[in-house]
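Participant: Have a look; sequence and predicted model below, questions after that.
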Amino acid sequence: MFFIPTIREKVMQPKVNQERFFYQNTPLEQVSNYQLNTFNNIWQKIQQNVPYYQKLVLKELIPEKVNSWEEFLKIPIQNRAYVR
């Protein structure tokens, strides 16, 4: 029963250590750029798979590629209450 969590921890620990090292040893501006680039990779997939965001991009209400955190903040977030 405790076998799977132990395996998962052994697999994940090096990845966690790598992330910790990156965030502790990288200047804030580079971290910000890294996070923005990572988001843009995910954002492309979101646009392909979520019709709501796809329509907003087509209407040019939100950017196809996010170039700054100010643009990121303009993207509306869906939650259960909004969807209902």
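Facilitator: Perfect, thanks for sending it. These numbers come from a predicted model, not from an experiment.
Participant: Which secondary structure state does Ile77 sit in?
Facilitator: coil (DSSP: H, G, I helix; E, B strand; the rest coil).
Participant: Now for it, how many residues are close by?
Facilitator: Applying other Cβ atoms under 10 Å, we find 5 residues neighbouring Ile77. The way it works is simple: take the backbone N, C-alpha and C, and place the C-beta from them, glycine included.
Participant: Output the lowest mean pLDDT helix or strand found in this structure.
Facilitator: Least confident helix or strand, the chain: helix 80-83 with a mean of 78, by mean pLDDT, DSSP states H and E.
Participant: The residue nearest to the spatial centre of the chain and Gln24: what is the separation?
Facilitator: By Cα atoms, centre = their mean, the chain has its centre lying nearest to Phe39, at 4.0 Å. Relative to Gln24, Phe39 is positioned 21 Å away (criterion: Cβ to Cβ, to the nearest Å).
Participant: mind showing which ranges of this protein have poor pLDDT?
Facilitator: 1 (pLDDT under 70).
Participant: picking that back up, which residue sits closest to the residue nearest to the centre of the chain, ignoring its sequence neighbours?
Facilitator: Nearest residue to Phe39 in three dimensions, chain neighbours excluded: Val66, at 6.3 Å (Cβ to Cβ, 6 or more residues apart in numbering).
Participant: Next: Gln48.
Facilitator: Gln54 (7.3 Å).
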